[in-house]
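# no sequence on this one, just coordinates:
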């Protein structure tokens, strides 16, 4: 599926749930960030995830801290290395972003599991 097809299917809520796993979320963050500033990319990602989750009857699955934190990580990598030729090249260059447990380096399980972290962005609290 091309990037445009992926975004179109996500926007019209026809994307198969299997295609919107962790990799799909990172893909959305990447595609939303290529030509946009952080606030614009964030608004796009938030809207897309919330709309899609609602269409699946899973509005309660949205997590603000995870969304903002992963978007920030994707944008940092884009700034450091550029977007690459396509998403697959970006994926190959940054395999750690595709580890769904990446945020455990920055957040305690209690923080990420808290109701406040689901509703609003919470700063990292894990200590190395």
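Yes, it's here. What you see is a predicted model; the values in this text were computed from it and never measured.
# list the buried ones in the strand or helix carrying residue 40?
Per DSSP states H and E, residue 40 falls inside helix 38-55. Neighbour-count burial for helix 38-55 flags 41, 42, 44, 45, 46, 48, 49, 52, 53 (criterion: 16 or more other CB atoms under 10 Å). C-betas here are computed from N, CA, C, even on glycine.
# farthest-separated two in these?
41 and 53 (18.3 Å; CB to CB).
# Go ahead and measure how far the helix holding residue 40 is from the middle of the chain.
From the chain centre to the centre of helix 38-55 is a distance of 9 Å (CA atoms, centre = their mean, to the nearest Å).
# again, but for stretch 58-73
Distance, centroid of stretch 58-73 to centroid of chain: 6 Å (CA atoms, centre = their mean).
# Numbering from 768 from now on, please.
I'll keep to 768 as the first residue from here, and by that count the last item is stretch 825-840.
# picking that back up, which neighbouring elements make contact with the helix holding residue 807?
helix 770-778, helix 789-800, helix 831-848 (3 or more CB pairs under 8 Å, 6 or more residues apart in numbering; DSSP states H and E).
# Could I get the buried residue list for the helix or strand following the longest one?
Heading C-terminal from helix 831-848, the first helix or strand you meet, by DSSP H and E, is helix 854-860. Under the neighbour-count criterion of 16+ other CB under 10 Å, helix 854-860 has 854, 857, 858 buried.
# ok, of these, which one's closest to residue 788?
Nearest member of these to residue 788, counting by CB to CB, is residue 858, at 13.1 Å.
# which residues sit against the lowest-mean-pLDDT helix or strand in the chain?
Lowest mean confidence among the helices and strands of the chain (mean pLDDT, DSSP states H and E): helix 854-860, at a mean of 92. By CB atoms under 8 Å, 6 or more residues apart in numbering, the list of residues contacting helix 854-860 from outside reads 770, 790, 793-794, 797-798, 844-845, 848, 850-851, 864-865.
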